[in-house]
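Provided below are the primary sequence and the corresponding predicted coordinates.
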Amino acid sequence: MNHDAQRSFVKALLEEGLLVSPDILAMDGLTKEEVTTTLRRNNLPDHSFLVLTMDLYQAFLRPAGDSVSSFQDMDWLEFDGSRVLYEKKKNIKPYHAFLETLLPSSSPLPPVLEIPRPVQDIQHPVQHPQLAGVHIIKSYDEPGKKRGIKDFVAHYKHRYIFASGLLRHRPELQNVISIHRLKGKQPSEQIALIGLVYDKYVTKQGNVILTLEDPTGSYSVFINKEGPLKDILPYVTFDEVIGVSGSVKNNLLFANSLFFPDVSYDHKPKTTTDDVCAVFISDVHVGSRLFLEKEFLRFIDWLNGKTGNETQRALAQKVKYLFVVGDVIDGVGVYPGQESELLIKDIYDQYRRVKELLSFIREDIQIIMCPGNHDAVRIAEPQPRMNQFSEVLSGLKNLTLVSNPATVAVHKDEHNEGVDVLMYHGFSYDYYAASVEPIRAGGAYDRVDLIMKYLLQKRHLAPSHTSTQYVPSMTEDSLLIEKVPDIFVSGHVHKSSVNTYNGVLLVGCSCWQAKTGFQEKMGHHPDPGRVPVVNLKTRDVTIINFCDDLEMG
C-alpha cells in the first residue's frame with residue numbers, strides 16, 4: 001500500500017470510528033470494506049471507537065461459532081489502557097488477559113506481541129555518542145510518567161534544601177531557625193529565617209508583607225518601604241527561596257536584611273590553554289517564510305572560511321564549538337494561524353532542511369543543540385532531547401543533542417579543565433520581562449542580560465510557579481542552577497546581548513528570522529544575524545553581523 005493509499009485508508013476508517021496501527025497498514029491488499037464487514041459480523045456497536053491493532057483484528061477474524069466473550073460486552077477504554085501499558089512494557093498481564101478472553105483457547109497469541117518497540121520512542125531515547133571535547137554534565141533524560149501531588153511537594157522540597165544550603169553559608173544567616181521555633185522569642189532578639197516566598201502583599205501605606213514558608217510552617221515578614229531593603233524589594237518574586245534577618249514583634253518578623261542564593265562574587269571562571277572559540281546562535285526558525293536563509297548560509301560560509309576579511313577568516317579557523325540554543329525550526333501548530341506563515345509545512349521536512357544546512361558546516365566544529373518552545377518536543381520544561389528526530393538528523397557525526405536546559409563542558413581534556421556552558425532557551429523570560437519592574441524599566445526584551453543576571457541571583461531558571469510550564473520530579477528540581485557555569489547562554493527573545501555577572505559570561509543570542517507580526521504587535525525589536533564569538537582562552541567576545549556585510553563589533 002503506497003503512501004497516498006495509506007492516507008485514504010486511514011481517513012476512511014477514522015470516519016468509521018477506527019484508528020489503525022502501523023501493523024494493519026502493513027497488510028497488503030486489505031480494504032476498508034473488509035475491515036468494516038469483519039467488525040459488523042462481530043456485532044460491534046456503531047458508536048465504538050477502537051485502536052485497531054493486528055492482534056485485535058485477528059481476534060475479530062475468529063471462525064463463526066467459537067465460544068468467546070461477546071465483543072459488545074467489552075470495556076474498550078480499559079482494553080486500550082491495557083494496550084498502552086503493554087507497549088510501554090510497564091505491565092503486560094492485563095493485555096494478555098484480554099487477548100486470552102478474546103481468542104479461542106486453541107489460538108496462540110499473535111506474533112505482534114514479540115515486535116519490539118520503535119527506537120524513536122521517548123521512553124527509550126536514542127543515545128548519541130559523546131563527541132571528543134564535548135562532555136555532558138547535566139541533560140534531562142527522565143522517562144515520562146504520571147505526575148501527582150507528591151511530585152510537586154518533592155520538587156519544591158528539593159529547591160528549598162538546595163537554596164537554603166547556599167544561604168546558610170552567609171555569615172548573616174548563621175543564626176537561622178525554623179519557623180516553628182519562633183514562638184517565645186523575645187522582641188529584641190535578632191533571628192534569621194530561610195523560606196520560600198508564598199505571598200507578597202503591599203499595604204495601603206506601601207509597605208510590603210512577605211509570607212515565607214519552610215517545612216515546619218509559615219510566617220509573615222514586614223519590610224518598610226523606606227527602609228534599607230527598599231531597593232532590593234522589587235526583585236523578590238513568588239516561589240523563590242530567600243533568607244531574611246530581623247527582630248520579631250506582634251507575630252511579625254521586621255526584616256532589616258534580605259539575601260538571595262546568588263552566585264559568589266569571587267567565582268573564578270575556567271578558561272582553556274588552547275586558543276579556540278565557541279559560537280552561539282539561537283532561534284533559527286527553519287520552515288518559516290521569514291527564515292533568513294541567505295544570511296544563515298553566509299554565516300556557514302564564514303565558519304568554513306569562505307567569506308570575510310583576513311581577520312574574520314582567522315577568527316573562523318579558531319571556532320571549534322557551535323551552540324544552537326533552541327527554536328531550531330519554526331514548528332507546526334505553535335500558534336494560531338501559523339500555517340499561513342510557513343514555507344515548509346511538514347515538521348519532518350523542517351528538520352530535514354536543518355540537517356542539510358548543518359551538514360554544510362565543516363566537520364571539525366562540534367555542534368551542541370538543545371530544543372526550544374518551537375521545536376517538536378513537549379513545551380513543559382525541562383524539555384527532553386529531540387530524540388524522536390534523531391533518525392532525520394542522523395549522519396551529522398559532529399552533532400550532540402541535549403535537553404533544555406543542559407550544562408555542557410567543552411574542550412575538556414588532559415590539558416584543559418573544560419569550560420562549563422549552561423544552555424537555556426529562555427521560555428520563562430517573558431514573565432520576568434513583564435513582572436519584575438526594574439527589568440521592565442531597564443529594557444525588558446532589549447536587555448536579556450538583566451533577566452539572566454536576575455535568575456543567576458535566584459539560582460533558578462524559572463523560580464515563579466507561573467513563569468513557565470514545568471514537569472515536577474520526585475528526585476530534583478531540574479531548573480535549579482546548581483553548578484555555577486562559566487558561560488550562561490540563552491535565546492528566545494531574538495535580541496543579542498553580552499555581559500558578565502560575578503565571573504559568569506552572559507550571552508543572549510540573536511535570531512535568523514525577520515520581525516514577525518506578533519513581535520510587531522508586542523513591540524519587540526529583534527536584531528537578526530548577530531553572532532557572538534567567544535574566545536575560550538581569553539573570554540574576549542566578538543559579535544559579527546551577518547545581516548550587514550559581516551560588520552564586526
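Received, thanks. Residues are numbered from 1 along each chain as shown.

Surely Leu536 and His411 touch.
Yes - proximity of Leu536 to His411 meets the contact threshold set by Cβ atoms under 8 Å, at 6.0 Å. (Glycine included, C-beta is placed from N, CA and C.)

Name the residues contacting each of these two.
Common contacts of Leu536 and His411 (Cβ atoms under 8 Å, 6 or more residues apart in numbering): Thr272, Asp274, Val276, Tyr321, Val419.

from the residues you listed, which two are the most distant?
The distance between the two most remote of the shared contacts of Leu536 and His411 (Cβ to Cβ) is 11.7 Å, for Asp274 and Tyr321.

For these two, indicate the residue with more neighbours.
Tyr321 (25 against 13; other Cβ atoms under 10 Å).

Would you mark the buried spots in the helix or strand hosting the more buried one?
Assessed by DSSP states H and E, Tyr321 sits inside strand 319-325. By 16 or more other Cβ atoms under 10 Å, the buried positions in strand 319-325 come out as Val319, Lys320, Tyr321, Leu322, Phe323, Val324, Val325.

Select the longest helix from this protein.
Identified as the longest helix of the chain according to DSSP state H is helix 149-167.

by contact count, what packs against the longest strand along the chain?
Secondary structure of the chain per DSSP state E: the longest strand is strand 190-202. Packing contacts for strand 190-202, counted by 3 or more Cβ pairs under 8 Å, 6 or more residues apart in numbering; DSSP states H and E, involve helix 149-167, strand 208-214, strand 217-223, strand 241-249.

Mind putting those into TSV with mean neighbour count and distance to Pro382?
Shown next, in TSV, are the helices and strands packed on strand 190-202 (neighbours: other Cβ atoms under 10 Å; distance: least, Cβ to Cβ, whole Å):
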stretch	mean neighbour count	distance to Pro382
helix 149-167	17	12
strand 208-214	19	24
strand 217-223	18	29
strand 241-249	22	19
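
Show me what stretch 146-161 is in contact with.
Taking Cβ under 8 Å, 6+ apart as the rule, stretch 146-161 contacts 194-196, 214-215, 239, 241, 460, 471-477, 480.

Weed out the non-buried ones from the residues you listed.
Buried among the contacts of stretch 146-161 by 16+ other Cβ under 10 Å: 194-196, 214, 239, 241, 460, 471-474, 476-477, 480.

What residues are bridge-paired with Thr407?
Using DSSP bridges, the bridge partners assigned to Thr407 are Lys138, Leu422.

is it true that it touches Asp486?
No - using Cβ under 8 Å, Thr407 makes no contact with Asp486, being 10.1 Å away.

coming back round to it: quick check: neighbours shared by Asp274 and Tyr321?
His411, Leu536.

chain center to stretch 239-248: distance?
30 Å (Cα atoms, centre = their mean, to the nearest Å).

what helix or strand is Asp301 on?
helix 293-303.

mind checking how far that helix is from the chain centre?
Relative to the chain's own centre, helix 293-303 is displaced by 27 Å; criterion: Cα atoms, centre = their mean.

which parts of it are buried?
Glu295, Phe296, Arg298, Phe299, Ile300, Asp301, Trp302, Leu303.

Also stretch 386-400?
Met386, Asn387, Gln388, Phe389, Ser390, Val392, Leu393, Leu396, Asn398, Leu399, Thr400.

how far away is the second one from Ser403?
Applying Cβ to Cβ, to the nearest Å, the value for Asn387 to Ser403 is 10 Å.

Check Gln350 too.
Taking Cβ to Cβ, one finds Gln350 at 20 Å from Ser403.

And these two? Which one has more around it.
Per other Cβ under 10 Å, whichever of Gln350 and Ser403 has more neighbours is Gln350, with 27 against 24.

Kindly export the helix or strand harbouring that one (C-alpha atoms) in PDB.
Counting by DSSP H and E, the element that carries Gln350 is helix 347-358. Extracted C-alpha coordinates of helix 347-358, given in PDB (Å, rounded to 0.1, in the frame of the first residue of the first chain):
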ATOM      1  CA  ILE A 347       7.700  19.100  10.600                       C
ATOM      2  CA  TYR A 348      10.000  16.300   9.500                       C
ATOM      3  CA  ASP A 349      10.800  18.200   6.300                       C
ATOM      4  CA  GLN A 350      11.700  21.200   8.500                       C
ATOM      5  CA  TYR A 351      14.200  19.000  10.400                       C
ATOM      6  CA  ARG A 352      15.500  17.500   7.200                       C
ATOM      7  CA  ARG A 353      16.300  21.100   6.000                       C
ATOM      8  CA  VAL A 354      18.100  21.700   9.300                       C
ATOM      9  CA  LYS A 355      20.200  18.600   8.700                       C
ATOM     10  CA  GLU A 356      21.000  19.800   5.200                       C
ATOM     11  CA  LEU A 357      22.100  23.200   6.400                       C
ATOM     12  CA  LEU A 358      24.200  21.900   9.300                       C
END
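
Which other helices and strands does that helix contact?
helix 293-303.

What score does Thr101 have for pLDDT?
pLDDT for Thr101: 63.

Let me see the domain layout of the chain.
Listed domain ranges for the chain are 3-114, 136-144+270-552, 151-259 (source: automatic domain parsing).

Point out the most buried one among the ones you listed.
domain 136-144+270-552 (a mean of 20; mean count of other Cβ atoms under 10 Å).

pLDDT on that one, on average?
Domain 136-144+270-552 comes out at a mean pLDDT of 92.

just checking, Asn398 touches Met369?
No - between Asn398 and Met369 there is no contact under Cβ under 8 Å: 10.8 Å.

re the thing from before, could the buried residues of stretch 386-400 go into CSV alongside secondary structure and distance to Lys183?
Output for those, formatted as CSV (DSSP: H, G, I helix; E, B strand; the rest coil; distance: Cβ to Cβ, whole Å):
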residue, secondary structure, distance to Lys183
Met386, coil, 53
Asn387, helix, 53
Gln388, helix, 55
Phe389, helix, 57
Ser390, coil, 57
Val392, coil, 62
Leu393, coil, 60
Leu396, coil, 62
Asn398, coil, 62
Leu399, strand, 59
Thr400, strand, 54
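
who does the residue nearest the centre of the chain bridge with?
Nearest to the mean C-alpha position of the chain, by Cα atoms, centre = their mean, lies Gln383 at 2.8 Å. In this entry, Gln383 is beta-bridged to Asn404, by DSSP bridges.

quick one, helices of this structure?
3-14, 22-25, 32-41, 54-60, 76-87, 93-102, 149-167, 293-303, 310-317, 347-358, 429-435, 437-442, 448-458, 517-522.

Which of these sits closest to Val507?
helix 448-458 (8.5 Å).

For His425, grab phi and psi.
phi -60, psi -40 (degrees, to the nearest 10).

which residue packs closest to it, ignoring adjacent ones?
The shortest distance from His425 to any non-neighbouring residue, by Cβ to Cβ, 6 or more residues apart in numbering, is to Gly326 (3.3 Å).
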